[in-house]
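Undergrad: whatever this is, show me its structure:
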Amino acid sequence: MLNYLWGFMLLIGIVYGALTGKLPDLTDAALDSAKEAVTLCITMLGVMSFWVGLMRIAENAGIIASATRRMKPLLKFLFPRIPAGHPSLKYISTNMIANIFGLGWAATPAGLKAMEELANLEEQRSHSRNLISASNEMCTFLIINISSLQLIPVNIIAYRSQYGSVNPAAIVGPAIVATAVSTGVAVIYCKMMEGKRRT
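TA: Residues are numbered from 1 along each chain as shown. Below you'll find the model as predicted:
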């Protein structure tokens with residue numbers, strides 16, 4: 001669907017540019033945008049490589065495992081039906097830590113592994129190899145992951161820096177407030193739905 005939408009928008013832009021005599025401007029804008037996209041990708045690659053490397057060092061140094069142990073009460077509150085010591089808890093905590101530091105890209109692999117482990121857990125519970133619906137834990141994890149409390153929005157700071165912001169880190173305060181509210185609402189919603197399912 002998106003392919004058709006993008007194709008339609010490009011076609012409309014080209015036709016409009018041809019009819020109004022602004023086709024050279026359209027070509028210049030397309031080339032400038034392509035150059036800007038490559039520059040932005042290189043900038044983001046450096047930022048993300050740095051933070052993903054730090055996450056890997058933290059994992060190898062045992063910091064992630066220690067953080068997972070400290071997060072046990074929170075994880076037990078959010079996911080009461082996941083057995084203690086289940087592999088999904090490690091991936092969930094890694095994903096949450098990466099998201100808290102604003103490393104959405106670094107959080108993705110851990111998030112995918114967490115979903116895989118949660119699907120395996122649900123298959124074991126239902127004794128079925130054909131899982132057709134998401135479990136309560138999978139839905140809760142997805143909602144928490146999307147709402148994602150962030151202390152340091154690295155991606156936004158990098159974008160603002162790339163586009164010449166005078167103070168790229170000025171977004172930190174508003175981002176903490178906005179993501180704290182969204183995460184709080186997400187937790188309340190998940191707990192309400194969990195209560196409804198029980199009744």
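
Undergrad: the protein: helices as residue ranges?
TA: Secondary structure of the chain (DSSP state H): helices at 2-20, 23-60, 63-70, 72-78, 87-100, 104-126, 136-147, 154-162, 172-198.

Undergrad: pick the most buried one from those helices.
TA: Looking across those with neighbours counted as mean count of other Cβ atoms under 10 Å, the highest average goes to helix 87-100: a mean of 22. (Glycine included, C-beta is placed from N, CA and C.)

Undergrad: which other helices and strands contact it?
TA: Helices and strands in packing contact with helix 87-100 are listed as helix 23-60, helix 63-70, helix 72-78, helix 104-126, helix 136-147; criterion 3 or more Cβ pairs under 8 Å, 6 or more residues apart in numbering; DSSP states H and E.

Undergrad: could you find the closest non-adjacent residue to residue 83?
TA: residue 121 (7.9 Å; Cβ to Cβ, 6 or more residues apart in numbering).

Undergrad: my guess is the one you found meets residue 135, correct?
TA: Yes. At 7.4 Å, residue 121 and residue 135 qualify as touching, with contact defined as Cβ atoms under 8 Å.

Undergrad: of all the helices and strands packed on helix 87-100, which one comes closest to residue 154?
TA: Residue 154 lies closest to helix 23-60 among the helices and strands packed on helix 87-100, at 6.1 Å (Cβ to Cβ).

Undergrad: give the other helices and strands that the closest one contacts.
TA: For helix 23-60, the contact count by 3+ Cβ pairs under 8 Å, 6+ apart identifies helix 2-20, helix 63-70, helix 87-100, helix 104-126, helix 154-162 as packing neighbours.

Undergrad: one step back: is it possible to export the helices and strands packed on helix 87-100 to TSV including mean pLDDT and distance to residue 195?
TA: Listed next are the helices and strands packed on helix 87-100 as TSV, based on pLDDT from 0 to 100; distance: least, Cβ to Cβ, whole Å:
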stretch	mean pLDDT	distance to residue 195
helix 23-60	79	35
helix 63-70	81	27
helix 72-78	89	14
helix 104-126	84	20
helix 136-147	88	11
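
Undergrad: in CSV: the ones you listed, plus distance to residue 89.
TA: Compiled in CSV, the helices and strands packed on helix 87-100 are given as follows (distance: least, Cβ to Cβ, whole Å):
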stretch, distance to residue 89
helix 23-60, 15
helix 63-70, 6
helix 72-78, 6
helix 104-126, 8
helix 136-147, 10
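
Undergrad: and the spatially most central residue of the chain, how far from residue 81?
TA: Centrality entry for the chain: nearest residue to the mean C-alpha point is residue 104, 4.0 Å, by Cα atoms, centre = their mean. According to Cβ to Cβ, to the nearest Å, residue 104 stands 27 Å off from residue 81.

Undergrad: lovely, talk soon.
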